[in-house]
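Peer 1: okay, here's the prediction I keep looking at, along with the sequence it came from:
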Amino acid sequence: MFQLIKWTFLADKDRDMHNNQSLLTTEQQSAFRIIESYPFNLQLLNYFEGDKPGWSHGKNLVKNQTNTLYFIAGGDGFMLHEGKKIPLKADQIYFIPSDISRGFGCKTKISKYYIMFGMSNILGRDLFHGLNKIVCLGPWRKIFLPIFKKGLTNNAMYYQLQFLIMKLLTEKRMVEEGIQNINHKEERYRKLFRFIEDNLSARITVAELSEIMDLSTQGLSRAFHRDMGQTLKSFLNDRINKSATDYLIHTDLMVKEISEAMRFDDEYYFNRFFKKMNNKTPLTYRKQFRRMPY
């Protein structure tokens, strides 16, 4: 069973500095605002070792809704992305941003550690969403292997690992690229987004959100589509779907219980919604995700 573990990157000693913004440079203040808006959530750390039949995407490409880091220990693995074959070299780290469709396999075998993490804002929008490329970040054994061998046995180890990952992503300019993709028009909808996150369910309507924003339904829908590049209804469906997939992946709740938690009228409507969004039933999605060798 995969366990969802959430730890905020901002360390205690840095919180004291953050409370006194006058101690920080302009660049540091900007960095803290990004970290606060996109907190680092470590979701999974695991080790995988397999052969050709055990590590293959089969007929279908895969896509994760979280970011993934591969720490290649050995073997002759590879990934496929946009028609290119990317060899996975030993002692190298590979960064795979969220929502990238990819294939994977190996000639004989592969061994690797892998980490799944998110850096999502209040919208559930990940900082690295839209970075449609797989990036090699350099060697890992010297820095990360001691932590992997000890295991994440306490808070200090979590903070250390997260700090090292953030440091690496910053040095390799991944964080900078992610920041460049941020849509700053999101700020004008903060009140709306907060309401959605606090009350997320299948019962939320565009009419209800229009009252929150003191706009007509048509006016809000038109403005949101213009600023965010998608309809408000589509955005709501995406957030409901993301919450549903999190339940399926990170809990053992029955489909009926998830349906009730998301306030669908009944299990039938939840199944119909989920299949429309993901082209598969909730149970099929859960089984496929948990079998996935990443």
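Peer 2: Received the coordinates, thanks.
Peer 1: what about this structure, any weak spots by pLDDT?
Peer 2: 1-36, 122-123, 183, 290-294 (pLDDT under 70).
Peer 1: and it, what are its domains?
Peer 2: With domains defined by automatic domain parsing, the chain comprises 12-180, 184-291.
Peer 1: just put those domains in JSON lines and tack on mean neighbour count.
Peer 2: (Each C-beta comes from the backbone N, C-alpha and C, glycine too.) As requested, those are exported to JSON lines (neighbours: other C-beta atoms under 10 Å):
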{"stretch": "domain 12-180", "mean neighbour count": "16"}
{"stretch": "domain 184-291", "mean neighbour count": "15"}
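Peer 1: which stretches in the stretch 101-250 of the chain count as helices?
Peer 2: 141-150, 155-171, 174-180, 190-198, 206-213, 217-228, 232-250 (DSSP state H, counting those that start in this stretch).
Peer 1: now for the first one, which elements pack on it?
Peer 2: When contacts are defined as 3 or more C-beta pairs under 8 Å, 6 or more residues apart in numbering; DSSP states H and E, helix 141-150 packs onto helix 155-171.
Peer 1: can we see that at 10 Å?
Peer 2: For helix 141-150, the elements it packs on are strand 40-51, strand 67-81, strand 93-96, strand 103-119, helix 155-171, judged by 3 or more C-beta pairs under 10 Å, 6 or more residues apart in numbering; DSSP states H and E.
Peer 1: do the same with the longest one
Peer 2: Taking 3+ C-beta pairs under 10 Å, 6+ apart as contact, the helices and strands that helix 232-250 lies on are strand 40-51, helix 190-198, helix 206-213, helix 217-228, helix 255-261, helix 267-278, helix 282-291.
Peer 1: got the angle for the third one vs helix 217-228?
Peer 2: Inter-element angle recorded for helix 206-213 and helix 217-228: 80 degrees (by axes from the mean of the first three to the mean of the last three C-alpha atoms, to 10 degrees).
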